[in-house]
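J.: starting from these lines, generate the structure:
(2 chains)
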Amino acid sequence: MSDTSHDPNQMTGAAMIVRALIDHGVKHIFGYPGGAVLPIYDELFQQSDVEHILVRHEQGAGHAAEGYARSTGKPGVVLVTSGPGATNMVTPLADALMDSIPLVCITGQVPTHLIGNDAFQECDTVGITRPCTKHNWLVRDVNDLAKVLHEAFYVASSGRPGPVVVDVPKDVQFATGTYHPPRKSDVHLSYTPRLKGDAGQIRKAVALLASARRPVIYSGGGVVNSGPEASRLLRELVEVTGFPITSTLMGLGAYPASGKNWLGMLGMHGTYEANMAMHDCDVMLCVGARFDDRITGRTDAFSPNSKKIHIDIDPSSINKNIRVDVPIIGDCANVLGDLLQVFKAEAKRPDIKPWWQEVAKWRARNSLSYKKNSDIILPQYAIERLFELTRGRDTYITTEVGQHQMWAAQFFGFEEPHRWMTSGGLGTMGYGLPAAVGVQVAHRDSLVIDIAGDASVQMTMQEMSTAIQYELPIKIFILNNQYMGMVRQWQQLLHGNRLSHTYSEALPDFVKLADAFGCVGIRATKPGDLDGAIQEMIDVRRPVLFDCRVAALENCFPMIPSGKAHNEMLLPAEANDEATAAAFAGGKALV
Amino acid sequence: MNQPASAYFMEDRHDPIETHTLSVLVQNEPGVLARVIGLFSGRGYNIESLTVSETENQKHVSRITIVTTGTPMVIEQIKHQLDRMIPVYRVVDMTLTGRSIERELAMVKLRGTGEHRVEALRLAEAFRARVIDATTESFVFEITGNSAKINQFIDLMRPLGLVEVSRTGVAAIVRGPEGM
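T.: Take a look at the predicted model:
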């Protein structure tokens, strides 16, 4: 034996990867083996600290890791092979980048001497993933591997979180080098995210808040990402100021849906009161949200008379879409803490009673109402029942993308952050099922439900096998209307009701499919059967495919149509054919 | 139709388009230039000129100088987007400092004889361009200056037998004792 074999830090690249995972407290990784990662899989086999979850498709691994990350606040870890393994990860990486989810993705690569040779299962992984990661690395020397892995974890989870890729050629996995535990000097000197808000700006913000007559707080996913403390402080701020609060899709749960100042979600399918409050306010406090186009609608008519305060950790989010008056760059918890302190010490809660009276009028419009039906299950009703029957339980909800997602956001009340996993920015159909797998891996005893659509769920259906292999009792609650409902809704509203390729003439029998997968299949077709069926789904400690047959042509309202402003919403009660046609009259140039 | 029927509103912003020169200090590592260029193409920003070279060898620091155009809001976005890249140390808007010197080097090849040759030499002298290669029927001039001066020189050379031009793109530095 050589002398170096006595040094415990001398090891192969593959061993370093597993060691780094352990050093970063990683308990679970999601992956799929292949030629270029065999040495790493060999190392995984010979240890028991890190549990590997074998998925059925690399995209499933990515979304599972996203669900894991979002429900725990820790980075999700993925291990895939070169070439197709890496390209199949592109969608989850892009998804995680849009929604600021910390992911560490380790990809195998062909040996360094073959790179650029069009070798078998070779692709330019760092080139392909550069625009859909926060940062990525190709490691050519085994002695750089430890440093890069530690930096990868730091970059993924610090500042504005996001996905990173570490591409490791197979010869680097085999080569022996020196490992070191995480240390400060592993990180680029040029990477210094700002956490603490500027004191002067915070003072200005407090002065604005204290002088407000028609204030609104608009919070987003940044509050959830910042951690539980940010949500606690947000709640305290609402309590101390007495201001109404709304939230983006990504921010649901940071303020409880049962809270008395809650206006509901805002944006395209948000509530009337939330959007009207945004439009008519005089001071807007945006916390960890980014004025996305689904929120603002028409930007030149967005909240025209307000002073805007924007708290964000990412300077590039400031003034990107909407000009703000008081930008504060920093971590939500950090800034909210300082802001509260200054507010309590120096400011008085303004009298906003007349503003609340206006809000009450908007609330009375009851923008989420729908016509009840005793013969057919309406999707809104299904979500309401699901919410009622899971109330008080330790529940996590994931969704796919489309109408069911919006109904879930509207009708399921979230009381805590980290309980709601949805693809907001990228809008990835097929996100919810594997995300539920990831959530259930992290929370074995919790109730994890994927509220799904019949179209979305088929995109990553194969991960049911993963759930069964690892005994993950996820519940896939499919609102089955046989349509790609949201696309159809747009065709009805904008394309003369020409339903081009949005109807699934052939769908699997989900109950039989459940049987084939080895899980439980439940079907509900009548409103009267729904409660019992949902209860059965909750009670069974196995994975469930729930085929909830809902009204086929129900559409999702309220809605801000046609490049209109927040105060021009279309409410469900008014959405008769004529009004809808008028509201959507015009071109159809954009999405 | 005038009014697009969509969530997005097609905005006709009439903000003025400005030209800005940005100096970007980056860690010189594989892929860093691809990241910068990918940002510009991916987000639809313009690059008028781009130069890059390692400037501090020991620290592996490179300096990228980018001349770009856009509305003030877009220019601000570009700077923030550059600054948040992991290997980027600093982004300085040289145009906003108001005290920057910008230089470009061009090599200009001419082919011709007789009166055109004499005229070209005379103009070159006026522009302080140097002859760095000559044959009996050609010259290569080296000229340094800001982009406008070089453009002017090239325009004058065109009727005198201009064959081709090679330009370095803009390098910029701020006047006075302070570094970036």
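
J.: give me the number of residues near the residue of the stretch 401-550 of chain A found nearest chain B?
T.: Nearest to chain B in the stretch 401-550 of chain A, going by CB to the nearest CB, is A:Leu494, at a distance of 5.3 Å. C-beta coordinates here come from the backbone N, C-alpha and C atoms, glycine included. When neighbours are counted by other CB atoms under 10 Å in any protein chain shown, A:Leu494 registers 21.

J.: check what pLDDT it gets.
T.: pLDDT, A:Leu494: 86.

J.: just B:Met1 next, same as before
T.: On the pLDDT scale, B:Met1 gets 36.

J.: equivalent analysis for B:Ile154, please.
T.: According to the prediction, B:Ile154 has pLDDT 98.

J.: so where does it fall, helix or strand?
T.: helix B:147-157 (DSSP states H and E).

J.: for A:Ile311, same thing?
T.: A:Ile311 belongs to strand A:307-312 when assigned by DSSP H and E.

J.: ranges for the strands of chain B?
T.: B:18-27, B:49-56, B:61-70, B:88-93, B:100-111, B:130-135, B:138-145, B:162-167, B:171-174 (DSSP state E).

J.: quickly run through the sheet partners of the first one, with directions.
T.: Spelled out, it's strand B:18-27. If you go by DSSP bridges, strand B:18-27 pairs up with strand B:61-70 (antiparallel), strand B:88-93 (antiparallel).

J.: could the strands of chain B go into CSV alongside mean pLDDT?
T.: As requested, those are exported to CSV (pLDDT from 0 to 100):
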stretch, mean pLDDT
strand B:18-27, 97
strand B:49-56, 94
strand B:61-70, 97
strand B:88-93, 97
strand B:100-111, 97
strand B:130-135, 97
strand B:138-145, 98
strand B:162-167, 98
strand B:171-174, 96
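
J.: let me have these in a markdown table, extended by mean neighbour count.
T.: Formatted as a markdown table, the strands of chain B follow (neighbours: other CB atoms under 10 Å in any protein chain shown):
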| stretch | mean neighbour count |
| --- | --- |
| strand B:18-27 | 20 |
| strand B:49-56 | 15 |
| strand B:61-70 | 21 |
| strand B:88-93 | 18 |
| strand B:100-111 | 18 |
| strand B:130-135 | 12 |
| strand B:138-145 | 19 |
| strand B:162-167 | 14 |
| strand B:171-174 | 18 |
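
J.: closest one to A:Ala199 among these?
T.: Of all those, it is strand B:88-93 that lies closest to A:Ala199, at 23.5 Å by CB to CB.

J.: now that closest one and strand B:100-111, what's the angle there?
T.: 90 degrees (axes from the mean of the first three to the mean of the last three CA atoms, to 10 degrees).

J.: what separates strand B:88-93 from the chain centre, distance-wise?
T.: Relative to the centre of its chain, strand B:88-93 is centred 16 Å away, using CA atoms, centre = their mean, to the nearest Å.

J.: pull the residues that contact that strand.
T.: A:189-190, B:20-27, B:61, B:75, B:79, B:82-83, B:174, B:180 (CB atoms under 8 Å, 6 or more residues apart in numbering or on different chains).

J.: output that strand in PDB with nothing but the alpha carbons.
T.: Extracted C-alpha coordinates of strand B:88-93, given in PDB (Å, rounded to 0.1, in the frame of the first residue of the first chain):
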ATOM      1  CA  VAL B  88     -18.800  38.600 -12.100                       C
ATOM      2  CA  TYR B  89     -17.000  40.800  -9.600                       C
ATOM      3  CA  ARG B  90     -18.200  44.300 -10.700                       C
ATOM      4  CA  VAL B  91     -20.100  46.000 -13.400                       C
ATOM      5  CA  VAL B  92     -19.400  49.700 -14.100                       C
ATOM      6  CA  ASP B  93     -21.400  51.800 -16.500                       C
END
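
J.: ok now do residue 176, which residues does it touch?
T.: Let's take chain A. A:Thr176 sits in contact with A:Thr4, A:Gln10, A:Met11, A:Thr12, A:Gly13, A:Val142, where contact means CB under 8 Å, 6+ apart.

J.: chain B, not that one
T.: Per CB under 8 Å, 6+ apart, neighbours of B:Gly176: B:Arg99.

J.: again, but for A:Ile202
T.: Per CB under 8 Å, 6+ apart, neighbours of A:Ile202: A:Ile328, A:Val335, A:Asp338, A:Leu339, A:Val342.

J.: which neighbouring elements make contact with the strand holding A:Ile311?
T.: Under the contact criterion of 3 or more CB pairs under 8 Å, 6 or more residues apart in numbering or on different chains; DSSP states H and E, strand A:307-312 touches helix A:199-210, strand A:283-287, strand A:326-329, helix A:332-346.

J.: any weak-confidence spans in the stretch 51-200 of chain A?
T.: Within the stretch 51-200 of chain A, not a single segment meets pLDDT under 70.

J.: and it, which residues reach chain B?
T.: Taking CB under 8 Å from any CB of the partner chain as the contact definition, the stretch 51-200 of chain A meets chain B at A:126-127, A:130-131, A:134-135, A:138, A:155, A:160, A:188-191.

J.: what two of the residues you listed are the furthest from one another?
T.: Maximum distance among those (CB to CB): 25.0 Å, for A:Gly127 and A:Leu189.

J.: settle it for me: which of those two has more neighbours?
T.: A:Gly127 (14 against 11).

J.: from B:Ile64, how far out is that one?
T.: 19 Å (CB to CB, to the nearest Å).

J.: now swap in A:Leu237 and tell me
T.: Distance of A:Leu237 to B:Ile64, given as CB to CB: 42 Å.

J.: list the buried ones in stretch A:112-126?
T.: A:Thr112, A:Ile115, A:Ala119, A:Gln121, A:Glu122, A:Cys123, A:Thr125, A:Val126 (16 or more other CB atoms under 10 Å in any protein chain shown).
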